[in-house]
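In: Have a look at this prediction, sequence included:
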Amino acid sequence: MNSTVAATTKPSNTNNKIKHSTGENVGTFLIYLVVALFALICVLPFVLVIIVSFSSEKSITINGYSFWPSEWSAAAYKMLFLPSSSVPQSYLVTTIATVFGTVVASFVTFGAGYTLANRSCRYRDGLSLYFYITMVFSAGLVPWYMMCKMLNCYDNIWALIVPSLMFNPFNMFLVRNFVRGIPAELNESAKIDGAGEVKIAFGIYFPLCMPVLATIALFYAIGYWNNYFNAVMLVNDEKYYSLQMLLFKIQSQITALSKLSAGATVNVNPPKESFKMATSVITMGPIIILYPFLQKYFVKGMVVGAVKG
Amino acid sequence: MSKASALVDVSKKRVNPFKELWTNKFLYLLALPAVVYTFIFSYLTLPYIVIAFEKFNYKTGVFSPFVGLKNFEYFFKSSWAWTVTRNTLVINILFLIVGTVCSVVLAIVLNEVKAKKFLKVSQSMMLFPYFISWVIVSYMLQGILGTETGLLNNLMGTRINYYSTPGYWYPILLILNIWKNTGYNTIVYLAAITGIDEGLYEAAYIDGATRFKRIIYITIPLLAPTICIMTLMSVGRIFYGDFGMLYAIIRDNSSLMPIAEVIDTYVYRTFKNTGDPSLSMAIGLYQSIVGFILVFTANWIVRKKFPDGALF
């Protein structure tokens, strides 16, 4: 609502250098309207998810999904933390995979990108080609699955960490292009000053690369957190379900939990719909909380990658 | 850059490979994890392709009996070959055309917004869906489209069963794709517009060009190379369906499969349901080869026509 107020008042303040015809003013108004509407449409469904997660099951059965439920309830959230709930376990597994995977992946990617940008490495073009080929041709699902099984990345936490997610050549090229944008003289003068290679790479270049490293770390972290493909393909044991996978298979969770709660007479009518939404909300939780930070680096890094040196 | 490279760039001369590896051992060591990872998960998987020409047996593995092109024959004789190819292409072309138009229009519109704070807030809101997984989006969609409790049916006072009516689904998938990705895709276009020389707009303004004319005669022509590059890159990926999206949303709903089953989901389903890796591998290989030709051609054209635009 604030945004529409801003839309009608702001342009005349900031743009008074240029006088607009009435036609252009109507145009300006329309532009602000379109932007505000699209922005609202982008977030409203999530508001709905949050509201439904706090609605009582009775109100959902009677009124359906609604932005204004007749009765509020936190029953779904209580159910999330029942002893038999798998949500805490999945949360733990996913957090470990995300944190560990992101750190390792970022270092692996930085190492390769840095080397490919270094002029004293004579095989850098050959190496670029080596990585590039894998971006245009892949053997597909079945060989990938067989390889994961052979490496024993199956039904354990490594299945969620190692295959597919731990290195992405696209991110490596982002790092390479960023390092290339740093004047090569820096490397030369550091060498003359007596800095060792380790010192140059991690003491000088690594901190300079922070903007692009933040971006690729984000790419990796979002990739890990939102991944359900690895779990769908490689995990049968519920102990190692990632959060997204658990959410994907939530129907069986609800059946299991409702049996239990019915037995304990806690709740005869288990909150099915709101339980789905509550699990969605806590799955989105870290993204919502980190969002201001996330999107700042994301936009920056994308621009860095797009406008290459 | 040319000066510096003239001084240090000696890569044209031939050198002893061992000497090169030894001199730059630290650099190669840094790249080693990525090289090994890529070797294992890409290059070492290539030999498994051979099972597309075999009748796979878990005991004998890649040395199963050879059957020639029988798996391909089986696939191309089934009606699914045409269905999944068509669906993949239709869905991707739909996403590509409408998605590009929406992203470009939104970038142009955003560029006209002069109120900084308003721009920042609305852009963050538009980017938000991009960070949310398709699994969550699928539940959100069920909440909106559900027959009994869905928001849309309640608002309209109808009881339409969307999940069993294929006719609704191309628009629904298209809207979802645009809703989720436009905020993200706009970033590149907006960056390109921001890079346009401000002087051009001022000169046009002094000459009396309206906003609409400035957009038509300055912004769009200068944006054209970026649009071409992005479009070509997407055309290259046209043979790859969005598994993450379609499997989360369609799942095993057989009434929607005739229009929404793409090659990727079909390969997966064949593998899981029939348990025959050979057939699945054959379909996957068909995708890999056609996909490779498309991606390679697209990248080649980008490199030829827009030497500054290629990432590699």
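Out: Here it is on my side, so go on. The structure presented is a predicted model; accordingly, all values stated were derived computationally and were not measured.
In: roughly how far apart are A:Asn152 and A:Leu234?
Out: 10 Å (Cβ to Cβ, to the nearest Å). Where you see a C-beta, it was placed from the backbone N, CA and C, and this is true even at glycine.
In: These two - which one has more neighbours?
Out: A:Leu234 (21 against 11; other Cβ atoms under 10 Å in any protein chain shown).
In: pLDDT wise, what is that one at?
Out: Note on A:Leu234: pLDDT of 95.
In: what does the one 3 residues further on give?
Out: Reading off the confidence values, A:Asp237 has pLDDT 91.
In: To what extent is the residue nearest to it when sequence neighbours are not counted buried, counted in neighbours?
Out: Nearest residue to A:Asp237 in three dimensions, chain neighbours excluded: A:Asp155, at 4.8 Å (Cβ to Cβ, 6 or more residues apart in numbering or on different chains). Neighbourhood size, A:Asp155 [other Cβ under 10 Å]: 14.
In: Tell me the secondary structure at A:Asp155.
Out: coil (DSSP: H, G, I helix; E, B strand; the rest coil).
In: Return the residues in contact with it.
Out: A:234-237, A:240 (Cβ atoms under 8 Å, 6 or more residues apart in numbering or on different chains).
In: Please repeat the previous calculation with a cut-off of 10 Å.
Out: Contacts for A:Asp155 (Cβ atoms under 10 Å, 6 or more residues apart in numbering or on different chains) come out as A:149, A:234-237, A:239-240.
In: Then A:Ile62?
Out: A:56, A:69-71, B:149.
In: Quick check: mean pLDDT of the strand or helix carrying it?
Out: In the assignment (DSSP states H and E), A:Ile62 maps to helix A:57-63. Here helix A:57-63 scores 86 as its mean pLDDT.
In: C-alpha coordinates for that helix, PDB please?
Out: Once non-C-alpha atoms are left out, helix A:57-63 reads as follows in PDB (Å, rounded to 0.1, in the frame of the first residue of the first chain):
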ATOM      1  CA  GLU A  57      -7.900 -27.400  10.000                       C
ATOM      2  CA  LYS A  58     -11.600 -26.800  10.500                       C
ATOM      3  CA  SER A  59     -11.400 -23.400   9.000                       C
ATOM      4  CA  ILE A  60      -9.600 -24.800   6.000                       C
ATOM      5  CA  THR A  61     -12.100 -27.500   5.400                       C
ATOM      6  CA  ILE A  62     -15.000 -25.100   5.600                       C
ATOM      7  CA  ASN A  63     -13.700 -22.000   3.900                       C
END
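In: Show the subsequent helix or strand relative to it.
Out: In N-to-C order, the element after helix A:57-63 by DSSP H and E is helix A:75-80.
In: these two touch, right, B:Tyr162 and B:Leu145?
Out: Yes - counting by Cβ atoms under 10 Å, B:Tyr162 touches B:Leu145, with 4.3 Å between them.
In: residues shared between the contacts of these two?
Out: Here B:Tyr162 and B:Leu145 share the contacting residues B:152-153, B:168, B:172, scored by Cβ under 10 Å, 6+ apart.
In: Most neighbours among the residues you listed, which one?
Out: Among these, B:Asn153 has more neighbours than the rest - 20 neighbours, counting by other Cβ under 10 Å.
In: How about the contacts made by that residue?
Out: A:64-65, B:144-147, B:159-162.
In: one more time with 6 Å, if that's ok
Out: Applying Cβ atoms under 6 Å, 6 or more residues apart in numbering or on different chains, one finds that B:Asn153 lies in contact with B:Arg159.
In: where's it relative to B:Phe296, distance?
Out: Using Cβ to Cβ, B:Asn153 is found at 47 Å from B:Phe296.
In: Please compute how far stretch B:75-83 lies from its chain's middle.
Out: Averaging C-alpha positions (Cα atoms, centre = their mean, to the nearest Å) puts stretch B:75-83 24 Å from its chain's average.
In: does chain A sit close to it?
Out: No - Stretch B:75-83 is not in contact with chain A by Cβ under 6 Å from any Cβ of the partner chain; minimum separation 13.5 Å.
In: ok, and the closest non-adjacent residue to the residue in the stretch 151-300 of chain A that chain B sits nearest to?
Out: Per Cβ to the nearest Cβ, A:Asn226 is where the stretch 151-300 of chain A lies closest to chain B, at 3.8 Å. Sequence neighbours aside, B:Ser133 is the residue nearest to A:Asn226 in space, at 3.8 Å (criterion: Cβ to Cβ, 6+ apart).
In: try B:Gly284
Out: Per Cβ to Cβ, 6+ apart, closest to B:Gly284 is A:Gly140, 3.3 Å.
In: ok, the one you found - how many residues close by?
Out: A:Gly140 has 24 nearby residues by other Cβ under 10 Å.
In: center of chain A - which residue?
Out: For chain A, A:Ile222 is the residue whose C-alpha lies nearest the centre (Cα atoms, centre = their mean; 2.1 Å).
In: Phi, psi for that residue please.
Out: phi -60, psi -40 (degrees, to the nearest 10).
In: Could you list which residues are in contact with residue 201?
Out: All of this refers to chain A. A:Tyr114.
In: You answered for a different chain; I wanted chain B.
Out: With contacts defined as Cβ under 6 Å, 6+ apart, the neighbours of B:Tyr201 are B:Arg214.
In: Same check on A:Pro169?
Out: Shown in contact with A:Pro169 (Cβ under 6 Å, 6+ apart): A:131, A:135.
In: got any ranges where the chain has weak pLDDT?
Out: Because you didn't say which chain, this covers chain A. Residues of chain A meeting the criterion pLDDT under 70: A:1-20, A:252, A:256-270, A:300-309.
In: I was after chain B.
Out: Applying pLDDT under 70 to chain B flags residues B:1-13, B:308-312.
In: Give me the helices and strands touching the longest helix anywhere in it, please.
Out: If you go by DSSP state H, chain B has its longest helix at helix B:79-112. When contacts are defined as 3 or more Cβ pairs under 6 Å, 6 or more residues apart in numbering or on different chains; DSSP states H and E, helix B:79-112 packs onto helix A:22-53, helix B:169-194, helix B:263-269.
In: Could you export the ones you listed to JSON lines, including columns for distance to A:Ala190?
Out: Formatted as JSON lines, these follow (distance: least, Cβ to Cβ, whole Å):
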{"stretch": "helix A:22-53", "distance to A:Ala190": "46"}
{"stretch": "helix B:169-194", "distance to A:Ala190": "31"}
{"stretch": "helix B:263-269", "distance to A:Ala190": "47"}
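In: among these, which is nearest A:Phe202?
Out: helix B:169-194 (29.9 Å; Cβ to Cβ).
In: excluding its backbone neighbours, what's nearest B:Tyr266?
Out: Closest to B:Tyr266 by Cβ to Cβ, 6+ apart is B:Val84, at 4.5 Å.
In: dump the residue contacts of that neighbour.
Out: B:261-263, B:266.
In: Quick check: end-to-end length of stretch B:245-263?
Out: End-to-end distance for stretch B:245-263: 13 Å, by Cα to Cα, to the nearest Å.
In: Ignore what I typed, I meant stretch A:46-65.
Out: So stretch A:46-65: terminal residues 12 Å apart, Cα to Cα.
In: Only the buried residues of stretch A:126-137, if you could.
Out: Buried positions in stretch A:126-137, judged by neighbour count with 16 or more other Cβ atoms under 10 Å in any protein chain shown: A:127-128, A:130-131, A:133-137.
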